[in-house]
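In: Structure here, sequence nowhere to be found:
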């Protein structure tokens with residue numbers, strides 16, 4: 001069963017999303033990779049305002065390819081999430097409730113998720129063209145000098161993701177692996 005999630009994700013909503021839930025996200029998300037995260041965290045550390053509101057924000061770790069004529073955006077597949085791990089705890093503390101990427105997260109990120117009520121979704125790597133078909137609008141918000149890695153505001157409709165780590169720290173990468181190994185040992 002898929003959960004239809006209307007964005008933004010509040011801390012209360014985040015606590016209703018569980019590891020292993022297949023979700024379809026609709027609403028506004030932002031894009032940011034490591035260079036943008038570094039700049040955003042520098043602003044946070046300096047006590048300066050951010051170029052967009054992090055409260056209840058979901059950030060997609062993506063650097064989309066240029067849009068072809070008639071398209072909103074180019075291919076938009078997820079990037080490896082651990083590159084944002086140095087910045088994610090501060091972003092979560094500042095209000096971020098959702099992250100979309102691929103791959104494992106550090107213990108510090110998971111602890112921040114548990115402490116503040118945030119979730120981590122995985123999008124399918126290698127399916128960037130399919131994922132871009134769920135993006136209805138895209139506009140650069142800041143850091144245009146970063147090119148593909150500029151922060152964008154996206155309006156998505158039914159973006160397919162799986163909750164990998166929930167706000168309680170349950171981690172599908174661990175539970176799924178353990179369930180698989182247990183099933184192998186029974187054979």
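Out: Perfect, I can see it now. Since this is a predicted model, take the numbers as computed values, not measurements.

In: buried set for stretch 53-67?
Out: 54, 56, 57, 58, 59, 60, 61, 62, 63, 64, 65 (16 or more other CB atoms under 10 Å). C-beta coordinates here come from the backbone N, C-alpha and C atoms, glycine included.

In: Just the ones of those residues in strands?
Out: With strands taken from DSSP state E, the overlap with those comprises 58, 59, 60.

In: for the longest strand seen in the chain, packing partners?
Out: The residue-count maximum for a strand in the chain (DSSP E) belongs to strand 151-165. When contacts are defined as 3 or more CB pairs under 8 Å, 6 or more residues apart in numbering; DSSP states H and E, strand 151-165 sits against strand 22-31, strand 119-122, strand 135-142, helix 172-185.

In: export these to CSV and tack on distance to residue 69 and mean pLDDT?
Out: Listed next are these as CSV, based on distance: least, CB to CB, whole Å; pLDDT from 0 to 100:
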stretch, distance to residue 69, mean pLDDT
strand 22-31, 21, 98
strand 119-122, 31, 98
strand 135-142, 15, 97
helix 172-185, 39, 75
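
In: Just send these back as TSV, with distance to residue 156 and mean neighbour count too.
Out: Listed next are the helices and strands packed on strand 151-165 as TSV, based on distance: least, CB to CB, whole Å; neighbours: other CB atoms under 10 Å:
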stretch	distance to residue 156	mean neighbour count
strand 22-31	6	19
strand 119-122	12	26
strand 135-142	5	16
helix 172-185	22	11
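
In: Noted, bye for now.
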